[in-house]
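Colleague: this one's structure only:
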């Protein structure tokens, strides 16, 4: 008998094993080594009896090997990770990472503010004296030294006022000796109506001055000008 | 007082790993041998052919089995057995003998296009995988690439074991259909 005849006869054999969904699932379990030992023997016996089962096994085996040869599937695995247990584990670290960056930025901002404040506080006192004490120096000094009436004014405001007074003096503003600096009361006899603009123009040439300082100082000048009772 | 044993060198670790790999492959073959024999019994008419085929499968397992992903090792054995049985059929065919006589088919000629074809096939598989429903992709990924058992997958996803098995099987069927188009 020819081999081809044998093959045809084999293929024409009546398959007495019905290929149910359970059988197909068992093929899968068998190929992946998950079939229970008691089911394993039975399955192998059926495998020797059924061509259809053997063909199903072969098809599944082929596809499993094909899939295993595609080793790099980032999208699938990433999505799987994200949708299963790893998602919850990753979320806190990502959240913590963003918080860390925010905190670092905040710390840097605070440090810059402190450095700027210290620089502004100490810079006038470290400048070498230039001749006689000018009226604006007196103004600043009086502002700072008049502690009894400064209880409601913040330290930054005092510094801003001192800086503003210096700027006003530079624009030939005559401040009367009797100008009271108690609290916020200042008399400027010849302050122009455009002090705010002058301040802004004067400070535009100083690149190192921050906008907030200019704004505070301008506000203080305007306050000194208008708060005349 | 005995001195502490020195840590194993890299070469020792490599040799140990290789030994473990051989032992693992042999164990898988022993576990699969009976099934393979039944499987081949439906494809090859003579027991001697089945023995020859099993011998070839074992040799190939020892040669290349280390390159196969562990979850797919048993499937790989069946594929080798299937291919080998087909090769035996061809070898016994008269036409094959004629080609072999003229040195046409039997000789192995390195083909530079094989790598390109394999790369293309890989891309096709990836593309087909992406077109599967996401729940099916999930099962395939967890089983083949994460090497979780179906029971672990079912527990992790909160689905019945039968559902996990069916999704995997449907995914394989869909992939086969898509790739054969």
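Modeller: Cool, the structure landed. If you're wondering where the values come from, they're calculated on a predicted model, not measured in any experiment.

Colleague: For chain B, which residue occupies the most central location?
Modeller: residue B:76 (1.5 Å; C-alpha atoms, centre = their mean).

Colleague: Do I have it right that that one meets residue B:65?
Modeller: Yes. Using C-beta atoms under 8 Å, residue B:76 is in contact with residue B:65, at 7.3 Å. C-beta here means a position set from N, CA and C on the backbone, and glycine is covered the same way.

Colleague: And the average pLDDT for the helix or strand encompassing residue A:56 is what?
Modeller: Assigned by DSSP states H and E, residue A:56 belongs to helix A:51-69. Mean pLDDT, helix A:51-69: 90.

Colleague: same for that helix, what does it pack against?
Modeller: Contacts defined by 3 or more C-beta pairs under 8 Å, 6 or more residues apart in numbering or on different chains; DSSP states H and E place helix A:51-69 against helix A:21-31, helix A:37-49, helix B:10-41, helix B:73-92, helix B:113-130, helix B:161-180.

Colleague: Give me the buried positions along that helix.
Modeller: By neighbour count on 16 or more other C-beta atoms under 10 Å in any protein chain shown, the buried set for helix A:51-69 is A:51, A:53-69.

Colleague: any idea how far the nearest residue to residue B:149 once chain neighbours are set aside lies from residue A:48?
Modeller: Computed as C-beta to C-beta, 6 or more residues apart in numbering or on different chains, the closest residue to residue B:149 that is not its neighbour in sequence is residue A:34, at 5.6 Å. Distance, residue A:34 to residue A:48, using C-beta to C-beta, to the nearest Å: 21 Å.

Colleague: Quick check: residue B:175 touching residue B:128?
Modeller: Yes. Between residue B:175 and residue B:128 there is a contact under C-beta under 8 Å: 5.2 Å.

Colleague: got any residues that touch both of the two?
Modeller: Common contact partners of residue B:175 and residue B:128 (C-beta atoms under 8 Å, 6 or more residues apart in numbering or on different chains): none.

Colleague: Could you report the neighbour count for residue A:101?
Modeller: 10 (other C-beta atoms under 10 Å in any protein chain shown).

Colleague: Could you check how far residue A:163 is from residue A:121?
Modeller: Residue A:163 is 11 Å from residue A:121, by C-beta to C-beta.

Colleague: With neighbour numbers in mind, choose between the two.
Modeller: Between residue A:163 and residue A:121, counted using other C-beta under 10 Å, residue A:163 has the larger neighbour count: 23 against 13.

Colleague: so the more buried one sits in a strand?
Modeller: No. Counting by DSSP: H, G, I helix; E, B strand; the rest coil, residue A:163 is located in no strand; its state is helix.

Colleague: ok, back up a step: can you redo the helices and strands packed on helix A:51-69 as JSON lines, where the extra columns are distance to residue A:102?
Modeller: JSON lines is the format used below for these (distance: least, C-beta to C-beta, whole Å):
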{"stretch": "helix A:21-31", "distance to residue A:102": "49"}
{"stretch": "helix A:37-49", "distance to residue A:102": "57"}
{"stretch": "helix B:10-41", "distance to residue A:102": "45"}
{"stretch": "helix B:73-92", "distance to residue A:102": "49"}
{"stretch": "helix B:113-130", "distance to residue A:102": "36"}
{"stretch": "helix B:161-180", "distance to residue A:102": "42"}
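
Colleague: For residue B:150, which of those is the nearest?
Modeller: helix B:161-180 (4.9 Å; C-beta to C-beta).

Colleague: Please parse chain B into its domains.
Modeller: Listed domain ranges for chain B are B:10-101, B:113-180 (source: automatic domain parsing).

Colleague: Could you identify which of those has the lowest mean pLDDT?
Modeller: Ranked by mean pLDDT, the domains of chain B bottom out at domain B:10-101, with a mean of 84.

Colleague: Now stretch B:30-44: buried residues?
Modeller: Per 16+ other C-beta under 10 Å, stretch B:30-44 contains these buried residues: B:32, B:35-44.

Colleague: And for stretch B:56-70?
Modeller: Within stretch B:56-70, judged by 16+ other C-beta under 10 Å, the buried ones are B:56-58, B:60-61, B:65, B:68-69.

Colleague: end-to-end on it?
Modeller: 20 Å (C-alpha to C-alpha, to the nearest Å).

Colleague: Next, the residues that contact that stretch from outside, please.
Modeller: For stretch B:56-70, the surrounding residues in contact (C-beta under 8 Å, 6+ apart) are A:65, A:68, A:71, B:21-22, B:24-25, B:28-29, B:36, B:73, B:76-77, B:80-81, B:84, B:144, B:147.
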